[in-house]
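**Q** Provided below are the primary sequence and the corresponding predicted coordinates.
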Amino acid sequence: MYYIRTFIVSILVFLTFVILIVPISFIIAPFSAQTRLKYASPFWKVFASITFKLLGIKVTQIDQRPIEIQRQNNPPGLYISNHQSLMDIPLLLTKFQVPPIMKKSILYVPIFGVCAYSSGALIVNRSSKEARKKTLSKAIEVLTAGQRCLQYYPEGTRNREAKTPKSYDKIKSKLISFAYKNNINVISVSVSGTSDVFKGKKLNFGSHLGINISNYIKPSDFESEQEFIQTCWNNVENGYQDILKKMS
């Protein structure tokens, strides 16, 4: 029965992707990143929401942002989050459509590569130190002269060591530092349960996920860069514990 359900759901998710995402992606691909983000984001939100329903996923949420910000698809700011699995991005997509940083290799996946590019995502090559410097430069450009919003995972790659966020001394904080120096608001996001959607190679239908989104953390409220960065990440860690309590 599990395999029949998996097959049917996979087909439905694929068809939803083909109907919702593929046409708009090919239409808007020639346009600027801002235009691609503006027109693609509502389709990605609907796709993520439908996918979660098909998988029977329950989402518990805490959203501390003002209502007017919650209603925006692409609210400005640097959104930082802990990183548990590939399901983190779909979870975030159900709440806001802020472009993430994606590996360049995604572009070479037939059809999906075009869709990823058309989403407004920041496509980067992480193969070398020089490439990572270029990534930082591109991210800065997005935040200051581009879409003015970006998803960023300070833990780096997915945190397979534990489900809880990494400690402050192990995160990569250069982009948060830039936000402080350029008066860019940071929004701390805590996700939980996304690593449980796949158990080995099997889908775990009916998973329970959690997402906690902080209000804007404003650089102007802090006297030092270090205090600002630490507060941003402390909000991720504390928000994780808060969403776990609400999920229980």
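**A** Cool, the structure landed. No experiment lies behind these values; they were computed from the predicted model shown.

**Q** In the protein, what residue spans correspond to strands?
**A** With DSSP state E as the definition, the chain shows strands at residue ranges 58-63, 77-81, 101-103, 122-124, 149-152, 186-192, 198-199, 202-203, 208-213.

**Q** Identify the residue nearest the geometric centre of the protein.
**A** By Cα atoms, centre = their mean, the chain has its centre lying nearest to I89, at 4.0 Å.

**Q** That residue reaches P100, doesn't it?
**A** Yes: between I89 and P100 there is a contact at 5.7 Å, judged by Cβ atoms under 8 Å. For every residue, glycine as well, the C-beta is placed using N, CA and C.

**Q** which residues do these two both contact?
**A** Residues touching both I89 and P100 (Cβ atoms under 8 Å, 6 or more residues apart in numbering): Q151.

**Q** Packing partners of the longest helix seen in the chain?
**A** Longest helix of the chain, by residue count under DSSP state H: helix 2-28. In terms of contacts (3 or more Cβ pairs under 8 Å, 6 or more residues apart in numbering; DSSP states H and E), helix 2-28 is packed against helix 33-54, helix 112-118, strand 202-203.

**Q** so which of those gets nearest T94?
**A** Of all the helices and strands packed on helix 2-28, helix 33-54 sits nearest to T94, with 5.0 Å by Cβ to Cβ.

**Q** Off-centre distance for the closest one?
**A** Centroid separation between helix 33-54 and its chain, computed with Cα atoms, centre = their mean, to the nearest Å, is 12 Å.

**Q** Okay, buried residues for it please.
**A** 33-34, 36-41, 43-45, 47-48, 51-52, 54 (16 or more other Cβ atoms under 10 Å).

**Q** Stretch 195-212 too?
**A** For stretch 195-212, the neighbour count (16+ other Cβ under 10 Å) marks 195, 197, 203, 207, 209-212 as buried.

**Q** end-to-end on that stretch?
**A** 16 Å (Cα to Cα, to the nearest Å).

**Q** what's that stretch in contact with?
**A** 2, 5-6, 9, 55-64, 84-85, 87, 91-92, 94-95, 163, 189-194, 239-240, 242-244, 246-247.

**Q** do the same with stretch 43-59
**A** Residues contacting stretch 43-59 (Cβ under 8 Å, 6+ apart): 9, 12-13, 16-17, 20-21, 24, 73, 90-91, 93-94, 97, 119, 197, 203, 205-211.

**Q** now do 6 Å
**A** With contacts defined as Cβ atoms under 6 Å, 6 or more residues apart in numbering, stretch 43-59 is touched by 9, 12-13, 16, 20-21, 24, 90, 93-94, 97, 205-209.

**Q** Save the strands of the chain as JSON lines, and put in mean pLDDT and distance to I171 too.
**A** Below are those laid out as JSON lines (pLDDT from 0 to 100; distance: least, Cβ to Cβ, whole Å):
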{"stretch": "strand 58-63", "mean pLDDT": "96", "distance to I171": "22"}
{"stretch": "strand 77-81", "mean pLDDT": "96", "distance to I171": "9"}
{"stretch": "strand 101-103", "mean pLDDT": "81", "distance to I171": "15"}
{"stretch": "strand 122-124", "mean pLDDT": "80", "distance to I171": "18"}
{"stretch": "strand 149-152", "mean pLDDT": "92", "distance to I171": "10"}
{"stretch": "strand 186-192", "mean pLDDT": "97", "distance to I171": "12"}
{"stretch": "strand 198-199", "mean pLDDT": "83", "distance to I171": "25"}
{"stretch": "strand 202-203", "mean pLDDT": "90", "distance to I171": "30"}
{"stretch": "strand 208-213", "mean pLDDT": "97", "distance to I171": "17"}
